[in-house]
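1. Below is the sequence, then the predicted model.
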Amino acid sequence: MKLTFAYSPCPNDTFMFEPIVSGRIDTEGLRFDIHLADVEELNKSAFDDKYDITKLSFNAYTNLTNTYQLLNSGSALGRKCGPLLIAKKSKSPDELSNAIIAIPGKNTTANFLLSYAYPNLTKKSEMIFSEVESSVLKEQSEAGVIIHENRFTFQDKGLVQIKDLGEYWEEKTGFPIPLGGIVTRRRFTIEMKQKIDRVIARSVAYALANPQSGNEYIKNNAQEMNIDVMRSHIELYVNEFSANIGEEGRAAVHHLFENHPSVKKGEYITPLFVPESTKIEETDFLSEKYWTSRYENQLSGWDVGHITPPIKKYIDTLTDKSISILIPGAGNAYEAEYLHNSGFTDVTVCDLSAAPLQNLKKRCPSFSDDHLIQGNFFDLEGKFDLIIEQTFFCAIDPSLRSTYARKMKSLINPGGRLVGLMFDVIFPFTGPPFGGNANDYRGLFSEYFDSISIEECTDSIPPRMGNEVFVNFQSST
């Protein structure tokens with residue numbers, strides 16, 4: 001299923017959601033049509049019910065609870081990170097009362113916080129957030145509310161701060177500043193909303209654990225922003241509330257609703273947040289239904305649509321095309337397709353689900369039906385000269401890894417090999433995929449194999465670069 005997902009090109013959003021764009025995480029069968037736009041444009045699009053998932057200002061959300069529901073991850077809340085009221089020179093409250101104030105959109109939380117601090121201002125001029133500074137410098141506006149990266153640069157342009165609007169909110173309420181959140185359609189089923197919530201949480205968790213992984217995507221959308229400003233932006237707006245808004249963050253949002261001048265209690269739809277789901281039980285990963293569902297939903301987290309370069313490179317070194325080869329947990333089996341088309345005559349694939357085996361048969365009609373095995377790898381019998389590991393080891397629960405290694409040993413002929421790719425990274429989420437590291441693998445497989453080779457993989461596909469090792473284990477007995 002493909003969903004439309006809209007967020008801003010600002011570094012905090014592109015940082016958090018790059019793992020989704022680049023396929024670095026399990027999206028549980030969901031695919032996304034990504035749209036980038038300024039936050040006020042996103043607010044207006046939300047009023048038009050345009051996107052399935054979107055970033056919007058909490059201020060705008062006060063009028064959209066009938067259409068959308070907040071997710072528990074991906075939000076921008078925090079302390080000392082709110083909008084600033086700036087001008088060319090300091091102004092008193094009386095001077096501000098008749099001044100033209102540039103704002104980054106009437107629906108933004110920045111505008112709400114301005115009204116919270118100065119309830120009597122009436123002359124507001126709406127514009128894109130990036131134009132506020134220029135409007136003040138050119139004296140088209142007498143003061144302006146700046147957000148995002150502009151809070152790091154306004155002083156360099158000779159502007160002065162009149163009030164930190166976020167700090168004023170914190171002093172008056174004691175709550176963190178609720179700037180913006182990620183919402184999805186309220187009409188979706190609870191199962192769908194919770195799935196989306198898990199995927200967003202997984203993306204944020206991955207970004208926080210691998211802060212350099214999305215640099216190229218972030219820079220490409222940062223409109224030539226200085227690298228130091230870009231990093232400061234991310235550090236300021238991506239925090240523990242982004243990973244999970246938590247009780248304190250929810251309380252801040254509820255306080256905004258309860259004290260908003262245009263929101264009447266009982267006239268908005270609750271609950272405001274999608275109920276958090278429990279994690280998928282480990283036994284679900286072992287069911288045929290679970291894996292078939294993922295194939296039918298065209299999940300691409302592990303399926304890159306072709307044989308990966310390290311596996312192809314190894315296969316190209318093989319000269320004996322009569323050797324018996326097994327690919328367990330084969331999925332769509334691009335490795336088997338490559339072997340078959342390269343003239344290897346004894347290739348067997350095994351998968352718990354029938355769907356990927358049928359996909360292979362469609363691509364390779366001459367592939368022997370006798371060598372397509374639907375079933376549990378741990379029930380498999382036979383002997384093989386070579387077993388190729390590609391995204392199977394990472395799909396089974398870590399509690400089964402010793403059983404996996406022992407089973408591999410029993411399936412390999414004397415002198416045979418287990419080769420392939422394994423992750424060399426610990427994921428900050430519940431799998432699959434499940435991560436690991438080279439030292440653990442060496443300790444695990446040395447009990448069952450006589451020759452252990454684990455090398456850094458230098459030709460991984462880009463999303464996995466630096467996170468994989470190539471393993472080559474040989475059994476001599």
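-> Okay, I see it. Numbering: from 1, shown residues only.
2. for this protein, longest helix please?
-> Criterion DSSP state H: the longest helix present in the chain is helix 190-209.
3. Okay, strands next: where are they in the stretch 101-250 of the chain?
-> Counting by DSSP state E, counting those that start in this stretch, the stretch 101-250 of the chain has these strands, from start to end: 101-103, 124-126, 143-146, 160-164, 177-185.
4. Need the ones you listed in JSON lines (columns: mean neighbour count).
-> Quick note: C-beta positions are derived from backbone N, CA and C, even for glycine. Output for those, formatted as JSON lines (neighbours: other C-beta atoms under 10 Å):
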{"stretch": "strand 101-103", "mean neighbour count": "24"}
{"stretch": "strand 124-126", "mean neighbour count": "15"}
{"stretch": "strand 143-146", "mean neighbour count": "28"}
{"stretch": "strand 160-164", "mean neighbour count": "18"}
{"stretch": "strand 177-185", "mean neighbour count": "27"}
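5. Near Ala438, how many other residues are there?
-> Around Ala438 there are 15 other residues, counting by other C-beta atoms under 10 Å.
6. residues contacting it?
-> By C-beta atoms under 8 Å, 6 or more residues apart in numbering, the residues touching Ala438 are Asp424, Ile454, Val469.
7. Take the residues you listed and keep only those in strands.
-> Of the positions in these, Ile454, Val469 sit in strands, assigned by DSSP state E.
8. Dump the strands of the stretch 101-250 of the chain into CSV; add distance to Asp397 and mean pLDDT as well.
-> Output for the strands of the stretch 101-250 of the chain, formatted as CSV (distance: least, C-beta to C-beta, whole Å; pLDDT from 0 to 100):
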stretch, distance to Asp397, mean pLDDT
strand 101-103, 52, 96
strand 124-126, 53, 94
strand 143-146, 49, 95
strand 160-164, 49, 95
strand 177-185, 29, 95
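9. Let's have these in TSV, adding distance to Asp450.
-> Conversion of those to TSV gives the following (distance: least, C-beta to C-beta, whole Å):
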stretch	distance to Asp450
strand 101-103	71
strand 124-126	72
strand 143-146	65
strand 160-164	66
strand 177-185	51
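10. where does this structure have its least confident helix or strand?
-> helix 288-296 (a mean of 51; mean pLDDT, DSSP states H and E).
11. The following helix or strand past that one - what's its average pLDDT?
-> Scanning forward in sequence from helix 288-296 by DSSP states H and E, the next helix or strand is helix 309-315. Average pLDDT, helix 309-315: 93.
12. now helix 309-315: how far from the chain's centre is it?
-> For helix 309-315, the separation from the chain centroid amounts to 28 Å (computed by C-alpha atoms, centre = their mean, to the nearest Å).
13. Over to stretch 135-154?
-> Taking C-alpha atoms, centre = their mean, the mean C-alpha location of stretch 135-154 is offset from the chain mean by 32 Å.
14. in it, what counts as buried?
-> When burial is assessed from 16 or more other C-beta atoms under 10 Å, stretch 135-154 yields the following buried residues: 135-136, 141-152, 154.
15. These in helices, which ones?
-> By the criterion of DSSP H, membership of the buried residues of stretch 135-154 in helices covers Ser135, Val136.
16. Contacts for the longest helix of the chain, please.
-> Under the contact criterion C-beta under 8 Å, 6+ apart, helix 190-209 has outside partners 3, 15-20, 24-28, 30, 53, 69, 71-74, 182, 184-185, 188, 213-214, 238, 242-244, 274-277, 427-429.
17. got the CA coordinates for it in PDB?
-> These are the backbone C-alpha positions of helix 190-209, laid out as PDB (Å, rounded to 0.1, in the frame of the first residue of the first chain):
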ATOM      1  CA  ILE A 190      -6.600   1.600  14.300                       C
ATOM      2  CA  GLU A 191      -4.300  -1.200  12.900                       C
ATOM      3  CA  MET A 192      -3.200   1.000  10.000                       C
ATOM      4  CA  LYS A 193      -2.600   4.100  12.200                       C
ATOM      5  CA  GLN A 194      -0.600   2.100  14.600                       C
ATOM      6  CA  LYS A 195       1.500   0.600  11.800                       C
ATOM      7  CA  ILE A 196       2.200   4.100  10.500                       C
ATOM      8  CA  ASP A 197       3.100   5.200  14.000                       C
ATOM      9  CA  ARG A 198       5.600   2.300  14.400                       C
ATOM     10  CA  VAL A 199       7.200   3.100  11.000                       C
ATOM     11  CA  ILE A 200       7.700   6.700  11.900                       C
ATOM     12  CA  ALA A 201       9.100   5.800  15.300                       C
ATOM     13  CA  ARG A 202      11.500   3.300  13.700                       C
ATOM     14  CA  SER A 203      12.700   6.000  11.200                       C
ATOM     15  CA  VAL A 204      13.400   8.500  13.900                       C
ATOM     16  CA  ALA A 205      15.100   5.900  16.100                       C
ATOM     17  CA  TYR A 206      17.300   4.900  13.200                       C
ATOM     18  CA  ALA A 207      18.300   8.500  12.400                       C
ATOM     19  CA  LEU A 208      19.200   9.200  16.000                       C
ATOM     20  CA  ALA A 209      21.300   6.100  16.200                       C
END
